[in-house]
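Novice: only geometry, no sequence info:
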């Protein structure tokens, strides 16, 4: 094997290793799932820093990106599920200005009526729902965004 050929093989091997190590640096975030009836939407986090608290300056932009959509039939239950890594730290569901209590379970179910009805009793056809990882109910460590569309039964 010539020196030029050896150098080419070594260069290709080095590039392959660099490409593989770069892929390892962008690990996927934990996944959250929302489902109703037979429809399901899965999402990686809109914002997530390895489970550390997000800077306050990022929260506004996090709330509006990577929104997954799901149609919910009126009267059905809506299921929320999170990876165990989200559940271990604690999480809650945020619907507008209302939020559920923090839980460490991986699964939670809510009635569609409670999601699509605001605090004044007005029903909406569309609602933005966020799954928020928060160990203390104050700091936010991750956010998953969903938009639910209500369909009449």
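Specialist: Sure, I can see it. What you see is a predicted model; the values in this text were computed from it and never measured.

Novice: let me see the ranges of the strands in this protein.
Specialist: Along the chain, the segments classed as strands by DSSP state E run 31-36, 39-44, 47-48, 67-73, 77-82, 91-95, 98-99, 107-111, 126-133, 142-151.

Novice: the fourth one: which residues count as buried?
Specialist: Burial within strand 67-73, assessed by neighbour count using 16 or more other Cβ atoms under 10 Å, is assigned to 67, 68, 70, 72. Backbone N, C-alpha and C define where each C-beta goes, glycine included.

Novice: name the nearest residue to residue 80, ignoring sequence neighbours.
Specialist: residue 108 (4.7 Å; Cβ to Cβ, 6 or more residues apart in numbering).

Novice: how about residue 28?
Specialist: Nearest to residue 28 is residue 44, by Cβ to Cβ, 6+ apart, at 5.8 Å.

Novice: just list whatever residues bridge to that neighbour.
Specialist: residue 31 (DSSP bridges).

Novice: how many neighbours does it have?
Specialist: By other Cβ atoms under 10 Å, 14 other residues sit near residue 44.

Novice: now do the same contact list for it.
Specialist: 28, 29, 30, 31, 66, 144 (Cβ atoms under 8 Å, 6 or more residues apart in numbering).
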